[in-house]
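Enquirer: What follows is a predicted protein model with its sequence.
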Amino acid sequence: MSITILAIESSCDETCAAIIRDGKIIANIIATQSVHEQYGGVVPELASRAHQQNIIPVVSQAIHTAKISKKKLNAVAFTRGPGLLGSLLVGTSFAKAFALGLNIPLIEVNHIEAHVLANFIIRNPKFPFLCLTVSGGHTQILLVKDYMEMEVIGKTLDDAVGEAFDKAAKLLGLPYPGGPFLDKYAKKGNPDAFSFPDVDVDGLDFSFSGIKTAFLYFLRDRSKTNPGFIKNNLEDICASYQAALINILIKKLIKASKKTGIREIAIAGGVSANSGLRKLLQSHIFRTKKYNWNVYIPPLEYCTDNAAMIAMAAHYKYLAGEFADQSVSADPRMKP
Ligand code: KG4
Ligand code: ZN
């Protein structure tokens, strides 16, 4: 018998629905909420309202794209957390009602675990592997032992790297979310044009508050004597700052690989869409004898928030018989 699952993602500012059949994604729909752009960041209240408006059309479109009838669905999955409470509640309530209406099982999914499992949509990483999970809210190195067994071995002590991208982009006058824009300008710039402090913390943890502050002072000081500094050097500034952030990430990943002896390396989350990070990890350096890494990088559309990754996680949970009951509620601080 084939297994077909509808998955909903509504943890932040994208309303997403996907359908997976026997482990293959057959629909993946994303409605991005443009309402937040004018505020330079996600406004939680507006996000919840937009999810409420988008969820039915997005789910209908997923079902239409997959060319199936609702009756063919074996389960419905949703992101339980972490994320914005109001946003999560929309997806959670929708999924519960949908499961009840069709009398099918309900599957709860952890957003961070789903980002990691996005790697399985195209390839099959070998367990155990390390996953650098980098998004707007999280920066972690996970030791992934099995589909549902992940241990956080390193994490940020302050900002997430996605925030370090977005806040810097805001200072440069780029639109929100700034990560992809900073990446775009960085492609044409010189990464060695400017240098930023290499802030390090003990062990496998990260810190981005130091480099973020250094960047603020750097722009302020240079602009004082040269008001056109940002405009005239935008590409070099982006390239240099991006290189500094990537350097922090990669150094910890190398340390984690040495410490654990694991050479199967994956990346996940919105920042894994960064072209500089992807290029570096695909370079020959990590294939040399010194590292001998097997690197897994999800296709771009599965890096930033999407429901295909929720569907992938749900598929494994279905096979393991892990279902939620109707008393389940959203968990904004859910841990992997
Ligand atoms: O995983 P995600 O879509 O949402 C969260 O779960 O947070 O990650 C969003 C983050 C934002 O900070 C965004 O600026 C960043 O991912 N991002 C990027 C790129 N694309 C998205 N950062 C750097 N370069 C990119 N190309
Ligand atoms: Zn995410």
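Expert: Structure's in. What do you need? Ligands and ions are numbered 1, 2, ... in the order given.
Enquirer: Find the residue at the geometric middle of this structure.
Expert: Per CA atoms, centre = their mean, the C-alpha nearest to the average position across the chain is that of G269, at 2.2 Å.
Enquirer: Please report the distance of the closest residue to it other than its chain neighbours from ligand 1.
Expert: Counting by CB to CB, 6 or more residues apart in numbering, S135 is the residue found nearest to G269 once chain neighbours are left out, at 3.5 Å. In short, each C-beta sits where N, CA and C put it, glycine included. According to CB to the nearest ligand atom, to the nearest Å, S135 stands 3 Å off from ligand 1.
Enquirer: What number of residues are in the vicinity of S135?
Expert: By other CB atoms under 10 Å, the residues close to S135 number 24.
Enquirer: and it, what pLDDT?
Expert: In this model, S135 is scored at 95, pLDDT.
Enquirer: residue contacts, it?
Expert: Contact analysis of S135 by CB atoms under 8 Å, 6 or more residues apart in numbering lists I112, H115, A160, G162, G269, G270, V271.
Enquirer: what subset of those residues is also close to ligand 1?
Expert: Contacts with ligand 1 are made by G162, G269, G270, V271 out of those, judged by CB under 6 Å from any ligand atom.
Enquirer: how about CSV for the residues you listed, with pLDDT and secondary structure added?
Expert: Formatted as CSV, the ones next to ligand 1 among the contacts of S135 follow (pLDDT from 0 to 100; DSSP: H, G, I helix; E, B strand; the rest coil):
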residue, pLDDT, secondary structure
G162, 97, helix
G269, 98, coil
G270, 97, helix
V271, 98, helix
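Enquirer: What is the most widely separated pair among those residues?
Expert: Across the ones next to ligand 1 among the contacts of S135, no pair lies farther apart than G162 and G269, at 7.5 Å, counting by CB to CB.
Enquirer: Which residues are in contact with each of these two?
Expert: Any residue near both G162 and G269 by CB under 8 Å, 6+ apart counts here, and that gives V134, S135.
Enquirer: about what we covered before: how close does the residue nearest to G269 sit to S11?
Expert: Distance, S135 to S11, by CB to CB, to the nearest Å: 10 Å.
Enquirer: I'd say T4 and K72 touch.
Expert: Yes. Counting by CB atoms under 8 Å, T4 touches K72, with 5.4 Å between them.
Enquirer: more neighbours, the two?
Expert: When neighbours are counted by other CB under 10 Å, T4 comes out ahead of the other of T4 and K72, with 20 against 14.
Enquirer: how close does the more buried one get to G23?
Expert: Distance, T4 to G23, using CB to CB: 11 Å.
Enquirer: Same check on G81?
Expert: Distance of G81 to G23, given as CB to CB: 24 Å.
Enquirer: ok and the residue in the stretch 201-336 of the chain nearest ligand 1?
Expert: Here the stretch 201-336 of the chain gets closest to ligand 1 at one residue, G270, 2.0 Å apart by CB to the nearest ligand atom.
Enquirer: Look at that residue and say how many residues are nearby.
Expert: The number of residues near G270, taken as other CB under 10 Å, comes to 24.
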